[in-house]
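>>> Prediction below, plus the sequence it came from.
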Amino acid sequence: MNKTNVKVSLRIMGDRYNTKEITDSLNIIPSESWNRDDPIRNSGKKRSYTAWIYSLDSVETLDVYGQAKKLEELFLPKVEKLEILKQKYNLDISIDFVIIIENQETPAIYFEETFIKFAAKIGARFDLDTYVN
């Protein structure tokens, strides 16, 4: 029997920048990265922006904040570096949530003050995608 899953990622986007510099500065290896104009699989299309993405594994849970907290704990010590990189390359930062709802088990979606302050410090937006199976 499938259970509801939540995946959380921190996505750094910009026009053209060195993704290796992000990796080296944060001392975190991304789950995925690409450069603007890279091909998108076999679609014949190209990427419209450069991205550095760190994703937590998808987890069976009914608590979105629990996953958000893990991302906060990893990146909170790197806020200053993120701010510098964001300024240097005119980057956008997004905290992305992918919620796959199984068996009508809807998770709680809420954010504590510490997480909101963390997101505000790095100027992140939230992107929540939900899928109901």
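Everything's here; your move.
>>> Ala51 in helix, strand or coil?
Following DSSP: H, G, I helix; E, B strand; the rest coil, Ala51 is assigned to strand.
>>> bridging residues for it?
Beta-bridge partners for Ala51, by DSSP bridges, are Met13, Trp34.
>>> In contact with it, which residues?
Neighbouring residues of Ala51 by C-beta atoms under 8 Å, 6 or more residues apart in numbering: Arg11, Ile12, Met13, Thr19, Glu32, Ser33, Trp34. The C-beta positions use only the backbone N, C-alpha and C, and glycine is treated the same way.
>>> From the residues you listed, list the buried ones, please.
By neighbour count, with 16 or more other C-beta atoms under 10 Å, the contacts of Ala51 hold Arg11, Ile12, Met13, Thr19, Ser33, Trp34 as buried.
>>> I'd say the second one and Ile93 touch.
Read that as Ile12. Yes: Ile12 lies in contact with Ile93 (C-beta atoms under 8 Å); the separation is 5.6 Å.
>>> For these two, list the residues in contact with both.
Leu82, Lys86.
>>> can you pull out the helices in this structure?
Taking DSSP state H as the criterion, the chain carries its helices at 19-26, 64-75, 79-89, 113-121.
>>> how about low-confidence regions in the chain?
When residues are selected by pLDDT under 70, those of the chain lie in 1.
>>> Quick check: closest non-adjacent residue to Ile99.
Thr130 (4.6 Å; C-beta to C-beta, 6 or more residues apart in numbering).
>>> The one you found - how many residues pack around it?
By other C-beta atoms under 10 Å, the residues close to Thr130 number 12.
>>> No further questions, thank you.
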